[in-house]
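S.K.: Based on what follows, work out the 3D shape:
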Amino acid sequence: MTYSKHHLIISGMSCASCINKIEKALQKVEGVVEASVNLAEQTARIKTKTFVTDEQLIQAIQKAGYKAQTTYPHYVGSSNHHHDETIPSWPKTLIPAAAGFIFMLLEMLPELHAYHRSFGALESIITFIILLYAARPIYSSAIKALQNFSTTMDTLIALGVSAAWLYSTWAVLFMPHMPKQAAHFYFESALIILALINFGKILEARAKGKASSAIMALLALRPKTASRIKGGVEEQIPIENLQINDILRIRPGEKIPADGILVEGESYLNESLLTGESLPVHKKTGSRIIGGTLNETGTFLLQITAVGEKTILSEIIELVREAQNSKPPLARLADQVSSYFVPIVIITALITAATWFFIGPYPSWIYALTTSMSVLIISCPCALGLAVPMAITAGIGRAAQLGILIKQSETFQQAASLDILILDKTGTITEGHPYVTAVHTNIPNCLQLAASLEQHSEHPIAKAVLKKASENNLTLHPVESFAAISGWGITTKIQGSSYYLGNADWMEKNHLDNAFLEQGIHAAEEGRTPLYLADNKTVLGLIVIADPLKADTADVIHQLKALNIDIVMLTGDHTNVAASIAKAVNIKHFSAQMKPQDKLAYIQDLQKQGKKVGMAGDGINDAPALAQADVGFAVGAGADAAVQSAPVTLMKPSLLSVVNAIRLSRAVTRNMKQNLLGAFAYNIIAIPIAAGVLFPITEALLNPMIAAAAMALSSVTVVSNANRLRKFQ
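M.R.: Numbering: from 1, shown residues only. Below you'll find the model as predicted:
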């Protein structure tokens, strides 16, 4: 069945209970398969059947009491891209703060005491006007929630601030009939509470913006125009008008507008923001160029192969967006707790007020008001709702900067707990660019036949044979049939005759006499790969392939072991080749001549033993194993099947990216746990203190203004802690 994906920006969310409300509203729409809302990014991603429209989804969100609009392919992030009415302006913070402090100072003047009631009436009017101006979004959100029979963090704030103003206004109106101790005003408290809450929201919004800075840097890679050559004339056009096969002139210092192939000239390109590679990469005729990279030196011509959403940069941004909206187990736990949080706080505030009113010291209603107001204001469901999404947003952004694309946020938790890492050999431990070192044969056209057989294969060894044939200017024969058996070899017909090309097992399986077996074994012992060519009777020749180790492999293996991860190499190559490679990089455990199904079974056996298994590979043969592993790391330069099968794609063909991915996953998981623990601990400790449990010891209650400051700081602390991941090294 075909599905559609929808991306929406949502305005008006204030806490985790909003997430649950919107997700439930979306899931009620007929045809919605999956809905995920991200509080940190203020976005929703919805998977639906094809008949569902954006308008239907927006209507469902609006009915739930929120605003929504469609996003576009260039969009990532929220606070920097659209106006969110839940983020207050500076005047809405400074005006109530100034008024509150002025009220506090004026009440200290003894000459005002004679006009206490008149002054209180003026304070009530001024406070009411300021609340209408500075707290309008809060009251609007609380009223909408009430209309939908739900509650949010804004409900708590609205109740607390309203209680302060209502009680104080009541005291003004009925001052002559109230005990002197009870005739106290809390107008300055209401104003300063509002100022602190608005200030906290501003700080939180700024911190959220920083968490998305890595993705914003990716967006900034797109130039607005390009120099197209058409009919011999060069013209500047918007990149939206580019088409496949257009020829562009790229000058030094320019960003690449789209993916393509370099067709004339050469240069060095800076790919650091896409791959994490700090050094410029040399590009020449035939080189693949990624859109968004920076041309540093020469001028060259580029033929476009992909534009718009089909470019690698757009696909990276799409992957990041999907990952940020996915939810790991810790996030789902936080959402479940948060959905019950606000109602529990309101009940707690009512119980607190009733307790102090009936058993508190005189004047009991003052104690009841102060404690219940503090309970409402100090509680912070927002910190719970942001604890995991902020860590995910910052972590995925930092991963993208390092050339690591993570498709699902739950990968962080899985990668953080890996016990064993399975490594493929070719293209993972070795360079993946093998070359022919020798040809042993008793026929003159051995290499020509082998290259003809390999011309339809994408395997690195096939490319090595074809390259050698090209260097010798050999003409390839057309093939009449072609069959590739993964892990064995290939068979085909040329001019009516059957030929076989592959490993020693492939020769034995087809009952072919192998006179070159001893030479092949000797080559394998030296770490090279033997490739046998045969007709339907006997082996005709041996082609020896060498694939050098990547320069940093041995060091990376050492770093992985330092992370307490066991390393196993699985390869389809000859046992002697595998042994030689394993010895060179200090891998103790390996298995050779492994077919794709063998690698899959090996991982399944480890998982049955309770092991958390990672798999790193770049070939089609690795796709089943990458999909089966708890975490699959696909080298981005490898086969598309491998990249699509793995939750982690490494833009750089180096195992160092695996080390970085695991270390970052541990840091993100640790950060999520710190944020959740801090948010839970804050509420568990703060709410009882606000309710007055320390009064028998201190004979003092928590000032509601201090409660407001604590609430604002709790969210800012969570977001700031998550932002530490942006500096992960």
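
S.K.: could you say what helices and strands the one helix or strand His282 maps to packs with?
M.R.: Using DSSP states H and E, His282 sits in strand 281-283. Judged by 3 or more CB pairs under 8 Å, 6 or more residues apart in numbering; DSSP states H and E, strand 281-283 is in contact with strand 267-270. For the C-beta atoms, the positions are set from N, CA and C on the backbone; glycine is no exception.

S.K.: Report all helices and strands that the strand it packs on contacts.
M.R.: With contacts taken as 3+ CB pairs under 8 Å, 6+ apart, strand 267-270 sits against strand 281-283, strand 294-295.

S.K.: Give me whichever of these is most buried.
M.R.: Greatest average neighbour count among these goes to strand 294-295 (a mean of 20), per mean count of other CB atoms under 10 Å.

S.K.: Heading C-terminal from that one, find the next helix or strand.
M.R.: Beyond strand 294-295 toward the C-terminal end (DSSP H and E), the next one is strand 300-306.

S.K.: Give me the distance from that next one to the chain's centre.
M.R.: Centroid separation for strand 300-306 versus its chain: 30 Å, with CA atoms, centre = their mean, to the nearest Å.

S.K.: ok, residues contacting that strand?
M.R.: Contact with strand 300-306 is made by 229, 242-250, 256, 258-267, 283, 289, 291, 312, as judged by CB atoms under 8 Å, 6 or more residues apart in numbering.

S.K.: who touches Lys595 in this structure?
M.R.: Ser486, Gly487, Trp488, Gly572.

S.K.: go with 6 Å
M.R.: Contact partners of Lys595, counting by CB atoms under 6 Å, 6 or more residues apart in numbering, are Gly487.

S.K.: Tell me the buried residues in the lengthiest helix in the chain?
M.R.: Longest helix in the chain by number of residues (criterion: DSSP state H): helix 656-691. Of all the residues in helix 656-691, those buried under the rule 16 or more other CB atoms under 10 Å are 656-669, 671-672, 674-676, 678-679, 682-683, 686-687, 689-691.

S.K.: Would you map the helices across the stretch 301-450 of the chain?
M.R.: Remark: helices assigned in the stretch 301-450 of the chain by DSSP state H, counting those that start in this stretch are 312-325, 329-359, 364-378, 381-401, 410-416, 446-454.

S.K.: scratch that, the stretch 551-700 of the chain is what I was asking about
M.R.: Using DSSP H, counting those that start in this stretch, the helices of the stretch 551-700 of the chain run over 553-562, 575-584, 596-608, 623-628, 640-645, 656-691, 695-698.

S.K.: Just the mean pLDDT for the last one, thanks.
M.R.: When you say that, I think you mean helix 695-698. Here helix 695-698 scores 85 as its mean pLDDT.

S.K.: Kindly export it (C-alpha atoms) in CSV.
M.R.: The C-alpha trace of helix 695-698 is given here as CSV (Å, rounded to 0.1, in the frame of the first residue of the first chain):
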residue,chain,number,x,y,z
PHE,A,695,6.7,24.9,57.4
PRO,A,696,6.9,23.0,60.7
ILE,A,697,10.7,23.4,60.5
THR,A,698,11.2,26.8,58.9
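
S.K.: any idea how this structure splits into domains?
M.R.: According to automatic domain parsing, the chain comprises the domains 3-70, 223-309, 404-422+550-651, 435-546.

S.K.: Tabulate the ones you listed in JSON lines, adding columns for mean pLDDT.
M.R.: As requested, the domains of the chain are exported to JSON lines (pLDDT from 0 to 100):
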{"stretch": "domain 3-70", "mean pLDDT": "84"}
{"stretch": "domain 223-309", "mean pLDDT": "87"}
{"stretch": "domain 404-422+550-651", "mean pLDDT": "84"}
{"stretch": "domain 435-546", "mean pLDDT": "87"}
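
S.K.: of all those domains, which lies closest to Gly395?
M.R.: For Gly395, the closest of these is domain 404-422+550-651, at 6.2 Å, according to CB to CB.

S.K.: Quote the end-to-end distance of that closest one.
M.R.: By CA to CA, to the nearest Å, the extent of domain 404-422+550-651 from end to end equals 6 Å.

S.K.: What of stretch 5-22?
M.R.: Terminal residues of stretch 5-22 lie 17 Å apart, using CA to CA.

S.K.: Going by neighbour count, list what's buried in that stretch.
M.R.: Of the residues in stretch 5-22, 6-22 count as buried by neighbour count, 16+ other CB under 10 Å.

S.K.: Over to stretch 123-142?
M.R.: Neighbour counts over stretch 123-142 (16+ other CB under 10 Å) mark 123-124, 127, 130-131, 134-135, 137-142 as buried.

S.K.: Phe590: which of the residues you listed is nearest?
M.R.: Distance to Phe590, by CB to CB, is smallest for Ser141 among the buried residues of stretch 123-142, at 59.7 Å.

S.K.: Next one: the closest one relative to Gln455, how far apart?
M.R.: From Ser141 over to Gln455 the distance is 65 Å, taken as CB to CB, to the nearest Å.

S.K.: and stretch 471-485, C-alpha only, in CSV?
M.R.: Only the C-alpha atoms of stretch 471-485 are listed here, as CSV (Å, rounded to 0.1, in the frame of the first residue of the first chain):
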residue,chain,number,x,y,z
GLU,A,471,43.9,0.0,-18.9
ASN,A,472,44.8,-2.7,-21.4
ASN,A,473,42.3,-1.3,-24.0
LEU,A,474,40.4,-4.6,-24.1
THR,A,475,37.1,-4.8,-25.9
LEU,A,476,34.4,-6.6,-23.9
HIS,A,477,32.2,-9.3,-25.3
PRO,A,478,28.4,-9.0,-25.1
VAL,A,479,26.9,-11.5,-22.7
GLU,A,480,23.9,-13.6,-23.5
SER,A,481,22.8,-14.2,-19.9
PHE,A,482,23.9,-13.2,-16.5
ALA,A,483,23.4,-14.7,-13.0
ALA,A,484,25.1,-13.5,-9.8
ILE,A,485,25.0,-15.8,-6.8
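
S.K.: Residues contacting that stretch, please?
M.R.: With CB under 6 Å, 6+ apart as the test, stretch 471-485 has contacts from Gln448, Ala451, Ser452, Gln455, His456, Ile490, Thr491, Thr492, Lys493, Ile494.

S.K.: so which of those residues is the most crowded?
M.R.: When neighbours are counted by other CB atoms under 10 Å, Ala451 leads the contacts of stretch 471-485 with 26 neighbours.

S.K.: Tell me which residues of the host helix or strand of Ala464 come out buried.
M.R.: Assigned by DSSP H and E, Ala464 falls within helix 460-471. For helix 460-471, burial by neighbour count (16+ other CB under 10 Å) applies to Pro460, Ile461, Ala462, Lys463, Ala464, Val465, Leu466, Lys468, Ala469.

S.K.: Give me the distance from the very next helix or strand once past that helix to the chain's centre.
M.R.: Remark: after helix 460-471, the chain's next helix or strand is strand 481-485, criterion DSSP H and E. For strand 481-485, the separation from the chain centroid amounts to 40 Å (computed by CA atoms, centre = their mean).

S.K.: circling back: indicate each strand paired with the strand holding His282 and its parallel or antiparallel sense.
M.R.: Paired with strand 281-283 in the same sheet, following DSSP bridges, are strand 267-270 (antiparallel).

S.K.: quick one: contacts of the partner strand?
M.R.: Under CB under 6 Å, 6+ apart, the answer for strand 267-270 is Pro280, Val281, His282, Lys283, Thr293, Leu294, Asn295, Glu296, Thr297, Gly298, Phe300.

S.K.: in it, what's buried?
M.R.: In terms of neighbour count (16+ other CB under 10 Å), strand 267-270 has its buried residues at Ser267, Leu269, Asn270.
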